[in-house]
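1. here are the coordinates; sequence isn't available:
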């Protein structure tokens with residue numbers, strides 16, 4: 001799966017949780033939770049949906065690594081490759 005495909009899947013998951021999300025307004029290096037105004041339950045739903053959609057295990061100890069769009073895409077890419 002390419003980085004572009006992973007990015008599209010991540011954005012799809014984010015839009016399913018926050019339908020008001022405008023992809024063009026996402027800054028890849030800024031924290032997602034600040035940009036999309038996700039509370040902790042919404043963020044947990046994002047993590048679960050990423051796991052289900054992309055078939056990647058995301059241990060709770062790694063949640064703090066998933067801050068920006070770039071970080072999420074890189075993390076999933078590395079987990080799928082490994």
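-> Arrived safely, thanks for sending. This one's a predicted model, so the numbers in the text were calculated from it and none came from an experiment. Numbers count the residues shown, from 1 in each chain.
2. Could you use CA atoms for every contact and neighbour count after this?
-> Fine.
3. Run through who's touching the helix or strand harbouring residue 4.
-> Secondary structure assigned from DSSP states H and E places residue 4 in helix 3-17. If you take Cα atoms under 8 Å, 6 or more residues apart in numbering as the criterion, helix 3-17 is touched by 21, 23, 42, 45-46, 49-50, 53-54, 69, 72-74, 76-77.
4. Any chance you could list what contacts whichever helix or strand comes after it?
-> Next in sequence after helix 3-17, counting helices and strands by DSSP H and E, comes helix 32-36. Contact with helix 32-36 is made by 18, 21, 26, 39, 43, 67, 68, 69, as judged by Cα under 8 Å, 6+ apart.
5. which is the next helix or strand following helix 32-36?
-> Helix 32-36 is succeeded, C-terminally, by helix 40-54 (DSSP H and E).
6. Does anything pack onto that following helix? Which helices or strands?
-> helix 3-17 (3 or more Cα pairs under 8 Å, 6 or more residues apart in numbering; DSSP states H and E).
7. low-confidence ranges in the chain?
-> Along the chain, the model assigns pLDDT under 70 to residues 82.
8. Tell me, how many residues neighbour residue 40?
-> As a burial measure, residue 40 scores 10 neighbours (other Cα atoms under 10 Å).
9. so how far is the first residue of stretch 50-64 from its last?
-> Terminal residues of stretch 50-64 lie 15 Å apart, using Cα to Cα, to the nearest Å.
10. ditto for stretch 55-72
-> End to end - Cα to Cα - stretch 55-72 spans 14 Å.
11. Pull out the buried positions in that stretch.
-> Buried residues in stretch 55-72, counted by 16 or more other Cα atoms under 10 Å: 56, 58, 66, 67, 68, 69, 70, 71, 72.
12. Mind listing the residues bridging to the fifth one?
-> So the one you mean is residue 68. residue 31 (DSSP bridges).
13. Touching, it and residue 75? I think so.
-> No. The criterion here is Cα atoms under 8 Å, and residue 68 misses it with residue 75 at 10.4 Å.
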